[in-house]
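Q: What shape does this take:
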Amino acid sequence: MTIIGWIQIVLFCVVVVALVKPLGWYMTRVFNGERTLLSPVLRPVEAALYWVGGVDEKREQHWLVYTVAMLLFHVGGFLVLYALLRLQAMLPLNPAEQSAVAEDLSFNTAVSFITNTNWQNYGGESTLSYLVQMLGLTHQNFLSAATGIVLAVALIRGFARASARTVGNFWVDVTRCTLYILLPICVVYALFLVWQGIPQTLGPYVEATTLEGAKQTIAVGPVASQIAIKMLGTNGGGFFNANAAHPFENPTALSNFVEMISIFALGAALTNVFGRMVGNERQGWAILAVMGVLFLVGVTVTYWAEASGNDAFTALGLTGGNMEGKEVRFGIVASSLFAVVTTAASCGAVNAMHDSFTALGGMIPLINIQLGEVIIGGVGAGMYGMLLFVVLAIFVAGLMVGRTPEYVGKKIEAKEVKMAMLAILILPLMYLGWTAVAVVIPSAVASMANPGPHGFTEVLYAYTSQTGNNGSAFAGLTGNTLFYNVTGAIAMLVGRFWMIIPAMAMAGSLAAKKSVPASAGTFPTTGGLFVGLVVGVIVIVGGLTFFPALALGPIVEHLAMRANTLF
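A: Predicted coordinates:
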């Protein structure tokens with residue numbers, strides 16, 4: 001650990017915090033239907049889209065109608081993407097002549113991208129055509145990211161409104177999010193990435209001759225446009241198999257820094273949207289403080305573990321930290337920071353091999369996902385996930401003081417607590433349940449490249465990542481099999497939508513409640529005590545649901561490494 005390393009981490013945090021307020025202000029105006037700087041250009045386009053789609057933008061929806069519209073939207077997205085994958089060989093813009101994708105892999109991939117998971121049991125440059133990358137994957141990157149954001153806004157409206165039956169209009173919200181937020185930022189962002197050296201072309205793969213005279217095929221394509229929304233929308237799916245470690249996805253230290261910033265930008269700004277919509281920005285800063293505490297603890301542990309290196313190598317005189325699986329152009333600190341950022345934010349993009357991290361260094365990304373990815377989280381998903389834990393924390397505080405729990409003027413009653421627990425508990429059921437099945441089925445065990453605790457962790461990480469809609473992998477596991485493709489897709493669907501439906505039910509329940517004015521007995525929710533309480537609830541609830549499985553992998557592996565060093 002060095003001063004330069006900590007300066008990089010502090011600079012990252014400062015830039016993210018500096019973006020929270022301006023982005024939060026802009027996003028609030030967009031979702032409130034207020035005029036923005038882009039309105040003169042985009043308002044006619046927005047109105048035309050409503051006319052074509054037959055949408056009445058002034059008509060809002062009950063939470064159940066809003067949710068059904070969202071589900072049908074995703075069914076349509078799945079069918080389109082699945083068809084593109086299966087018909088790939090017959091479609092244009094396929095210069096490498098990629099064949100049709102197998103049924104089970106197409107199923108897994110289509111589910112992966114509509115759920116904002118972007119889990120990839122394939123290598124992008126060796127499997128998919130330009131058309132599928134653009135019309136299929138990049139298209140869903142925009143729509144799945146927009147869906148997460150608008151669902152968070154719908155839940156925020158539940159807290160902000162009183163005696164209301166509606167939480168917004170899904171079609172209006174997703175249109176405004178895509179048109180006014182995601183697209184404008186990504187246009188500028190993609191141009192920046194092209195400047196940094198990322199390809200953006202429809203030309204064929206490049207044939208090159210190496211210094212030894214051998215022939216080499218260099219994959220290119222419409223990369224920059226996909227990487228922009230991949231990072232901003234916390235999608236994470238790489239155009240290339242090596243993801244953000246590939247020089248055509250992440251060529252420089254500057255591109256690496258900006259990509260990390262973009263992963264956190266919108267998710268962090270949603271805390272300010274929450275504060276503005278409920279009429280008290282300090283509420284948003286308190287939630288961001290909870291996220292910040294958990295994030296800084298994770299960064300510290302990971303950076304320390306990777307900078308300390310492998311004890312076995314140290315005993316041989318090989319010092320300087322653990323550089324295995326890391327790009328030299330990024331080094332230990334940027335790789336450690338990226339690993340924590342991408343798993344705290346449900347992005348899943350990687351610039352280093354998580355499988356090569358030390359046992360404790362690799363444990364933090366696993367913890368981040370298993371906590372529900374509420375540390376910033378996926379765009380929108382992290383916010384509504386965090387609000388579920390806030391509801392539990394307020395309930396606990398109410399029990400301790402013997403009063404009805406209240407939060408931002410709303411009474412937290414049995415229905416809200418039940419919905420929060422239903423959403424939270426489904427996650428460990430999926431990743432622990434499927435892990436247990438995978439380690440006893442011979443064909444699934446045969447996919448494990450490593451035995452013992454590390455092999456177990458690879459399987460646990462795979463199902464945790466898919467259930468948490470993260471998409472990163474420990475690798476070392478052959479995931480492109482019928483068993484892993486089907487069970488992984490089930491985990492992704494349940495992890496995404498089983499959490500959304502209770503959250504939306506909570507939004508409807510809260511919106512219908514009357515606002516309760518604060519009194520002398522109201523628990524303050526903008527100070528350090530509240531931040532500490534929410535952090536404690538997240539850690540305790542998370543620990544009770546997943547700690548046994550968590551400890552069985554990375555911690556046992558760490559102790560085994562120590563034992564080998566000592567004896």
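
Q: Run a quick neighbour tally on Trp195.
A: When neighbours are counted by other C-beta atoms under 10 Å, Trp195 registers 12. All C-beta atoms are positioned from the backbone trio N, CA, C, and that covers glycine.

Q: That one belongs to a helix?
A: Yes - with DSSP: H, G, I helix; E, B strand; the rest coil as the criterion, Trp195 is part of a helix.

Q: From Leu254, how far out is it?
A: Distance, Trp195 to Leu254, using C-beta to C-beta, to the nearest Å: 10 Å.

Q: anything in contact with each of those two?
A: By C-beta atoms under 8 Å, 6 or more residues apart in numbering, Trp195 and Leu254 have no common neighbours.

Q: separation between Thr522 and Ser163?
A: According to C-beta to C-beta, Thr522 stands 20 Å off from Ser163.

Q: And the helices in the stretch 151-300 of the chain, which stretches?
A: Ranges of helices in the stretch 151-300 of the chain, per DSSP state H, counting those that start in this stretch, are 170-176, 183-196, 223-232, 253-277, 281-308.

Q: Give the rounded mean pLDDT of the first one.
A: In this case it means helix 170-176. If you average the pLDDT over helix 170-176, you get 96.

Q: got it, and the third one?
A: Mean pLDDT, helix 223-232: 95.

Q: can you list the residues that contact that helix?
A: For helix 223-232, the external contacting residues (C-beta under 8 Å, 6+ apart) are 118, 133-134, 137-138, 141-142, 145, 182, 185-186, 189-191, 193-194, 198-200, 235-240, 248-250, 259, 262-263, 265-266, 347, 349, 379.

Q: Now, of these, which are buried?
A: 118, 133-134, 137-138, 141-142, 145, 182, 185-186, 189-190, 193-194, 198-200, 235-240, 248-250, 259, 262-263, 265-266, 347, 349, 379 (16 or more other C-beta atoms under 10 Å).

Q: does the residue nearest to Pro204 when sequence neighbours are not counted count as helix, strand or coil?
A: In space, not counting the residues next to it along the chain, Pro204 is nearest to Pro95; the distance is 3.8 Å by C-beta to C-beta, 6 or more residues apart in numbering. For Pro95, the assignment made with three-state DSSP gives coil.

Q: before we move on, what about the one 3 residues further on?
A: Per three-state DSSP, the secondary structure class of Gln98 is coil.

Q: if we can go back for a sec, can you check which of the helices of the stretch 151-300 of the chain gets nearest to Phe107?
A: Smallest distance to Phe107 across the helices of the stretch 151-300 of the chain (C-beta to C-beta): 21.5 Å, for helix 223-232.

Q: Just the angle for that closest one relative to helix 183-196, thanks.
A: Helix 223-232 runs at 120 degrees relative to helix 183-196, counting by axes from the mean of the first three to the mean of the last three C-alpha atoms, to 10 degrees.

Q: and helix 223-232, how far from the chain's centre?
A: Helix 223-232 sits 14 Å away from the centroid of its parent chain (C-alpha atoms, centre = their mean, to the nearest Å).

Q: What of stretch 502-522?
A: Distance of stretch 502-522 from the chain centroid (C-alpha atoms, centre = their mean) equals 27 Å.

Q: Kindly report the same for stretch 32-51.
A: On the basis of C-alpha atoms, centre = their mean, stretch 32-51 sits 28 Å off its chain's mean C-alpha point.

Q: What are the boundaries of the strands in the protein?
A: For the chain, strands defined by DSSP state E occupy the ranges 206-209, 215-218, 406-407, 410-411.

Q: helices or strands next to the last one in the packing?
A: Secondary structure elements in contact with strand 410-411, counted by 3 or more C-beta pairs under 8 Å, 6 or more residues apart in numbering; DSSP states H and E, are absent; no helix or strand qualifies.

Q: What strands flank that strand, and is each parallel or antiparallel?
A: Paired strands of strand 410-411, with direction, are strand 406-407 (antiparallel) (DSSP bridges).

Q: pLDDT (mean, whole number) over the strand it pairs with?
A: Averaging pLDDT along strand 406-407 gives 88.

Q: Identify the residues contacting it?
A: Residues contacting strand 406-407 (C-beta under 8 Å, 6+ apart): 159, 390-391, 394, 398, 412, 516, 518, 522-523, 525.

Q: ok, now which residue in the protein is the farthest from the centroid?
A: Residue farthest from the centre of the chain, counting by C-alpha atoms, centre = their mean, is Gly213 at 43.0 Å.

Q: Report all helices and strands that the single longest helix found in the chain contacts.
A: Longest among the helix segments of the chain by residue count, using DSSP state H, is helix 482-512. For helix 482-512, the elements it packs on are helix 63-86, helix 103-114, helix 139-160, helix 381-401, helix 414-438, helix 442-445, helix 452-467, judged by 3+ C-beta pairs under 8 Å, 6+ apart.

Q: let's see 6 Å
A: Other helices and strands packing on helix 482-512, by 3 or more C-beta pairs under 6 Å, 6 or more residues apart in numbering; DSSP states H and E, are helix 63-86, helix 103-114, helix 139-160, helix 414-438, helix 452-467.

Q: between those helices, which gets nearest to Glu324?
A: Going by C-beta to C-beta, the one of these nearest Glu324 is helix 452-467, 13.4 Å.

Q: Pull out the buried positions in that closest one.
A: Buried residues in helix 452-467, counting neighbours by 16+ other C-beta under 10 Å, are found at 453-467.

Q: When Thr522 and Ser163 are compared, which one has more neighbours?
A: Neighbours were counted for Thr522 and for Ser163 using other C-beta under 10 Å; Thr522 has more, 15 against 9.

Q: ok, Met506 to Tyr66 distance?
A: From Met506 over to Tyr66 (counting by C-beta to C-beta), the distance is 13 Å.

Q: Looking at the two, which one has more neighbours?
A: Neighbour totals were compared for Met506 and Tyr66, and Met506 leads with 27 against 23 (other C-beta under 10 Å).

Q: dump the residue contacts of the residue lying closest to that one once chain neighbours are set aside.
A: Sequence neighbours aside, Met419 is the residue nearest to Met506 in space, at 4.4 Å (criterion: C-beta to C-beta, 6+ apart). Neighbour list for Met419: 502, 505-506 [criterion: C-beta atoms under 6 Å, 6 or more residues apart in numbering].

Q: ditto for Gly378
A: Contact analysis of Gly378 by C-beta under 6 Å, 6+ apart lists 116, 148, 234, 346.

Q: Export those to CSV and append columns for distance to Gly320 and neighbour count.
A: What follows is these, written out as CSV (distance: C-beta to C-beta, whole Å; neighbours: other C-beta atoms under 10 Å):
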residue, distance to Gly320, neighbour count
Asn116, 37, 31
Gly148, 40, 31
Thr234, 32, 38
Ser346, 32, 35
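
Q: Let's have these in a markdown table, adding distance to Leu72.
A: What follows is these, written out as a markdown table (distance: C-beta to C-beta, whole Å):
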| residue | distance to Leu72 |
| --- | --- |
| Asn116 | 17 |
| Gly148 | 17 |
| Thr234 | 23 |
| Ser346 | 23 |
